[in-house]
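Colleague: dropping the sequence and predicted coords here.
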Amino acid sequence: METWANNLFYIIFLGQIFLTSYYFPEKILARMRYVLATYPPSTHPRLYPKPAEYYKTGQATFRLANRIILVLGLVILFAIVFVVDHSSFADDGYISEAWPVVYGMIQFLPLVYLEFSEFNQFKLMRQTNSATSRKAELRPRRLFDFISPSLFGLAVILYLTAVGLDLYLHQFVMNWGQNLWLTGGMLFFAVIGGIKVYGRKSNPHQSNLDRARETTAALLSLTYLSITISIFYMFLSVDNVYNLDYLDAILMSVYFQAIVLLSIGQLLRNLKLKDINFDVYKDDAVAA
Amino acid sequence: MEIVIDIDDTVPPFAQLIAQIKNAVLNDALHPGDALPSIRQLAGDLELNHKTVAKAYRFLERDSVIQTKGYRGTFIHPQARANSAVDLNAWVMTKLNKTIATFRDAGVTDSEIRIAFGNVMNNRSNTGA
């Protein structure tokens, strides 16, 4: 690997370690602590189908997992810089892109745990919801109520461009592996987006305004992710054809960070706690 | 506009839906041409069975309060305001009361009326409904 690319990778990988395993987890934990302190079970019982201790344990587990992964990341970086013989991992002797990819996947594990916890939380909230009155907006929800058609169009065009560029660079021979991954990813986003817009309400107490805000944030996040992935696949196509292998590891690390920034970062930025209606979780609240 | 359903109410949910949509039309909260949510969306939001919402929409369509335009969705009917004021159930009750009163005046017993009514409803009489 060329020296400048080597050094650049070390810095970028350090960014990946801290961004995903320290910066965003700390932000998420701060929000959790704030909610628990400001809207406690005594005044907002509907928000807590389980005792407060359960949530504190969950926070501690999330924090510990991220700390362990943070240390693991630093150990991996140390090994990449001082210990590992890169020629034994990859034939070309460059730092393998497997390092940021495998480590990135490990970094996502606490976030997956968080997603499952949220899913369970809403399930419990639905089970314990004793309200007999239910409210709904009497107007249709449509995709473009939440996201601008131009942004959505840009995401579609970039996806088609990514597939087209790959075909062009490979003399119109379909690269099934890469294009299937890309298409699969886009379909996954479409399904998630569809559930957000047209699906059932997962949080039974959430106000309609909060739900609309959350849907907008989620769809924006999915669209930005889709755009990033298309651009990434375009880079991959160019990289494969022009033998820019020394950039693979850097590209992967940047890619993982972009995913975190555009998913968690985007959601945290767009869903401010001060905008959320927590009154619906009070004991005497009318069902949302 | 928001719709509120109380699942513990003695009035069934589909009837609550019909009444609230008609009231919204009469109170100008909904106007001709306004789009309504799909059956799936409304059923999901209200945590009701799809069939319950479909039943309400079917009755509203029969009463020309709403109209379905294929894949484009469901909309408030152009004559919805006039049609929302019509209560078919009340009209049926009035007509039945008058008819039964006529039968009684003619000396037909309640038992005979019930049997005849049952026959007509079950399609067993010659005149069949």
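Modeller: That came in fine, so what should we check first?
Colleague: only C-alpha atoms from now on, for both contacts and neighbour counts.
Modeller: OK.
Colleague: stretch B:20-39 near chain A at all?
Modeller: Yes - if you take CA under 8 Å from any CA of the partner chain as the test, stretch B:20-39 does meet chain A, through B:Ala35, B:Leu36, B:Pro37, B:Ser38.
Colleague: dump these into JSON lines; add pLDDT and neighbour count as well.
Modeller: Formatted as JSON lines, the residues of stretch B:20-39 next to chain A follow (pLDDT from 0 to 100; neighbours: other CA atoms under 10 Å in any protein chain shown):
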{"residue": "B:Ala35", "pLDDT": "95", "neighbour count": "20"}
{"residue": "B:Leu36", "pLDDT": "95", "neighbour count": "23"}
{"residue": "B:Pro37", "pLDDT": "94", "neighbour count": "19"}
{"residue": "B:Ser38", "pLDDT": "93", "neighbour count": "21"}
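Colleague: so which of these are in strands?
Modeller: B:Ala35, B:Leu36 (DSSP state E).
Colleague: could you dump the residues of stretch B:20-39 next to chain A to CSV with distance to A:Ser150?
Modeller: As requested, these are arranged in CSV below (distance: CA to CA, whole Å):
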residue, distance to A:Ser150
B:Ala35, 23
B:Leu36, 25
B:Pro37, 24
B:Ser38, 25
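Colleague: do a quick rundown of the strands in the chain.
Modeller: As the question left the chain open, I've gone with chain A. A:133-137.
Colleague: you looked at the wrong chain, it should be chain B
Modeller: B:2-6, B:35-36, B:66-68, B:74-76.
Colleague: which one of the residues of stretch B:20-39 next to chain A is nearest to chain A?
Modeller: B:Pro37 (3.8 Å; CA to the nearest CA).
Colleague: list the contacts for that closest one?
Modeller: With contact taken as CA atoms under 8 Å, 6 or more residues apart in numbering or on different chains, B:Pro37 is in contact with A:Leu138, A:Arg139, A:Pro140, A:Arg141, B:Gly73, B:Thr74.
Colleague: of these, buried ones?
Modeller: A:Leu138, A:Arg139, A:Pro140, A:Arg141, B:Thr74 (16 or more other CA atoms under 10 Å in any protein chain shown).
Colleague: mind putting these into JSON lines with pLDDT and distance to B:Leu48?
Modeller: Listed next are the buried ones among the contacts of B:Pro37 as JSON lines, based on pLDDT from 0 to 100; distance: CA to CA, whole Å:
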{"residue": "A:Leu138", "pLDDT": "91", "distance to B:Leu48": "14"}
{"residue": "A:Arg139", "pLDDT": "89", "distance to B:Leu48": "17"}
{"residue": "A:Pro140", "pLDDT": "92", "distance to B:Leu48": "17"}
{"residue": "A:Arg141", "pLDDT": "91", "distance to B:Leu48": "18"}
{"residue": "B:Thr74", "pLDDT": "94", "distance to B:Leu48": "18"}
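Colleague: just the closest of these to A:Val83, please.
Modeller: Comparing those against A:Val83 with CA to CA places A:Arg141 closest, at 55.5 Å.
Colleague: so what does the closest one have for phi and psi?
Modeller: Dihedral angles phi and psi of A:Arg141 (degrees, to the nearest 10) take the values phi -90, psi 130.
Colleague: repeat for B:Val86
Modeller: In terms of degrees, to the nearest 10, the main-chain angles of B:Val86 are phi -80, psi 120.
Colleague: measure how buried it is and give me the count.
Modeller: 14 (other CA atoms under 10 Å in any protein chain shown).
Colleague: list the residues that contact it.
Modeller: With CA under 8 Å, 6+ apart, B:Val86 has no contacts at all.
Colleague: which residues of chain B score low on pLDDT?
Modeller: B:124-129 (pLDDT under 70).
Colleague: what residue spans form the domains of it?
Modeller: According to automatic domain parsing, chain B comprises the domains B:13-84, B:88-121.
Colleague: which of those domains is buried the deepest?
Modeller: For the domains of chain B, average neighbour numbers computed from mean count of other CA atoms under 10 Å in any protein chain shown are highest in domain B:13-84, which has a mean of 18.
Colleague: quick one: average confidence on stretch A:223-230?
Modeller: Computed over stretch A:223-230, the mean pLDDT rounds to 93.
Colleague: can I get it in CSV, CA atoms only?
Modeller: Coordinates of each C-alpha in stretch A:223-230 appear next as CSV, following Å, rounded to 0.1, in the frame of the first residue of the first chain:
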residue,chain,number,x,y,z
THR,A,223,-33.1,8.0,0.9
TYR,A,224,-29.7,9.4,1.9
LEU,A,225,-28.5,5.9,2.6
SER,A,226,-29.7,4.7,-0.7
ILE,A,227,-27.8,7.6,-2.4
THR,A,228,-24.6,6.8,-0.5
ILE,A,229,-24.8,3.1,-1.3
SER,A,230,-25.3,3.9,-5.0
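Colleague: quick check: residues of chain A near chain B?
Modeller: A:132-141, A:198-201.
Colleague: what about 10 Å?
Modeller: Residues of chain A found near chain B (CA under 10 Å from any CA of the partner chain) are A:131-142, A:197-202, A:204, A:208, A:287-288.
Colleague: once you drop chain neighbours, what's closest to whatever residue of the stretch 151-288 of chain A ends up closest to chain B?
Modeller: Nearest residue of the stretch 151-288 of chain A to chain B: A:Arg200, at 4.5 Å (CA to the nearest CA). Distances taken as CA to CA, 6 or more residues apart in numbering or on different chains put B:Gly44 closest to A:Arg200, at 4.5 Å, once the chain neighbours are dropped.
Colleague: gap between that neighbour and A:Gln16?
Modeller: Separation of B:Gly44 from A:Gln16 (CA to CA, to the nearest Å): 40 Å.
Colleague: and the residue lying closest to A:Pro140 once chain neighbours are set aside, its phi and psi?
Modeller: Closest residue to A:Pro140 apart from its sequence neighbours, by CA to CA, 6+ apart: B:Pro37 at 3.8 Å. Backbone torsions of B:Pro37, given as degrees, to the nearest 10, read phi -70, psi 160.
Colleague: kind regards, and thank you for your time.
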